[in-house]
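# build me a model from this:
(one chain, ligands or ions: 1)
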Amino acid sequence: MSVATLTSIADFEKSAQEKLLDYVWSYYSKTAGTGQTYQDNLEAFRRYRLIPRNLRDVSIRDTSVTVLGTKLDIPVAIAPTAIHRFAHPDAELATAKGAAAMNTGMVLSSWSTRSLEEVAEAAPGGVHWFYMLFFNDRGYVKRQLERAERAGYSAIFLTIDQPLFPKPGASPRSYPFTVRFPNIFETDPPHAFGTAEYRQSLLELVKEYATWEDVEWVVANTRLPVVLKGVLSGEDAKMAVDRGVKGIYVSNHGGRELDGVPATIDVLPHIVRAVDGKAEVYLDGGVRTGTDVLKALALGARCVFIGRPALWGLAHNGAEGVQQVLQILTEELSQAMARAGCAKISDIQPSLVVHQSCYGI
Ligand code: FNR
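Numbering: from 1, shown residues only. Alright, predicted model coming up:
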């Protein structure tokens, strides 16, 4: 598939499937259980219908938004995903460059194959956020937080929906390059990634089962705003806000963790009500078109994140591919805003969206 023919996120998905090695494609596409939640993330967007307002002046559209005090040109940012080296030799450096070229944010994963310092240096004008694992040793956590602060990261994301590490054997044992995680290990373990011994080294360092006390500790020990990723319960959202969390990120991990949880877009309005304006609310899971973005914003998300689509762009042609994926979503959003009667993001209101069940469909 030539670059010129890729005009939708679906095209990038097809291209990535053709380009990526089988084991990488299946790792990126993996879903939990029967894939019910993964499918529902995609299908749920279609259950919401748009009620446009016409005859408003939409000749000039502004897609910019402020997230945690930083202005982004688009309300679409990059979700944390592991091992970008699988998709492209420039790995996370390329993803960060693609995001920076669109003046949007990227959450760097702890499971990044490049160090957080290298990523920040590769995209100096970028908006850098860091998804940090929980560690058993608080001194270690403090050092990680200080590293992120020193390197210019402007928020800490804590993922709360992934308490279990993959079992050994879940991923292939050998790769055409050495898999390293410089944001997890200060010193590389002596065993190869994927082995039981490697997993043991991880478990000695990383806290598999974190609790609210760990969140409180992080909030109290960094000057950066903290975002909780993986929130699906209004009660958890309220508990987070009470503990000083600044961003509530509605996610089901792209359907990769607990199968049977609802689609994120279906949960979003409940979370927005529970948070009651006391924190920003974000969403990911199944965002594939500009109208998906529009619907999520109408239902109260301040911005959305993309996981797999960014990896598909990266697989296609590195930084440029990531930028193209973001450009497509921006263009589709801008067109959808024009047709819906919205000149700017604050014009996107809940009345723009109706659930199909309201029509008895
Ligand atoms: C993820 N996701 C993820 N989330 C997280 O908090 N930390 C991580 O390291 C990873 N790693 C990861 C790897 C891969 C290959 C995928 C596909 C996903 C979940 C990710 O941040 C996000 O929640 C989903 O990908 C969003 O769904 P879509 O956009 O992929 O449908």
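# give the burial count for Arg56, as a bare number.
When counting by other C-beta atoms under 10 Å, one arrives at 13 neighbours for Arg56. Yep, even glycine has a C-beta here, placed from its N, CA and C like the rest.
# which residues does it contact?
Each residue near Arg56 by C-beta atoms under 8 Å, 6 or more residues apart in numbering is listed here: 341-343, 347.
# now do the contacts for the residue of the stretch 201-350 of the chain found nearest the ligand.
Closest contact between the stretch 201-350 of the chain and the ligand, by C-beta to the nearest ligand atom, is at Gly307 (2.0 Å). Contact analysis of Gly307 by C-beta under 8 Å, 6+ apart lists 79, 81, 254, 284-285.
# let me know the pLDDT of it.
Looking at Gly307, its pLDDT is 98.
# buried ones in stretch 229-246?
229-232, 234, 236-241, 243, 245-246 (16 or more other C-beta atoms under 10 Å).
# my bad, should have said stretch 121-140
For stretch 121-140, burial by neighbour count (16+ other C-beta under 10 Å) applies to 122-123, 126-135.
# and of those, the nearest to the ligand?
For those, the nearest to the ligand is Tyr131 (5.3 Å; C-beta to the nearest ligand atom).
# how close does the closest one sit to Ser174?
27 Å (C-beta to C-beta, to the nearest Å).
# how about the residues of the stretch 151-300 of the chain by the ligand?
For the stretch 151-300 of the chain, the contact set with the ligand under C-beta under 6 Å from any ligand atom comprises 159, 229, 251, 253-254, 256, 284-287.
# neighbour count, secondary structure and pLDDT for the contacts of Gly307 - can I get that in CSV?
Below are those laid out as CSV (neighbours: other C-beta atoms under 10 Å; DSSP: H, G, I helix; E, B strand; the rest coil; pLDDT from 0 to 100):
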residue, neighbour count, secondary structure, pLDDT
Ala79, 26, coil, 98
Thr81, 25, coil, 98
Gly254, 24, helix, 98
Asp284, 29, strand, 99
Gly285, 32, coil, 98
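# which members of those residues are the farthest-apart pair?
Thr81 and Gly285 (12.7 Å; C-beta to C-beta).
# that older thread, list the ones among the residues of the stretch 151-300 of the chain next to the ligand that fall in helices.
Under the assignment DSSP state H, these contribute nothing to helices.
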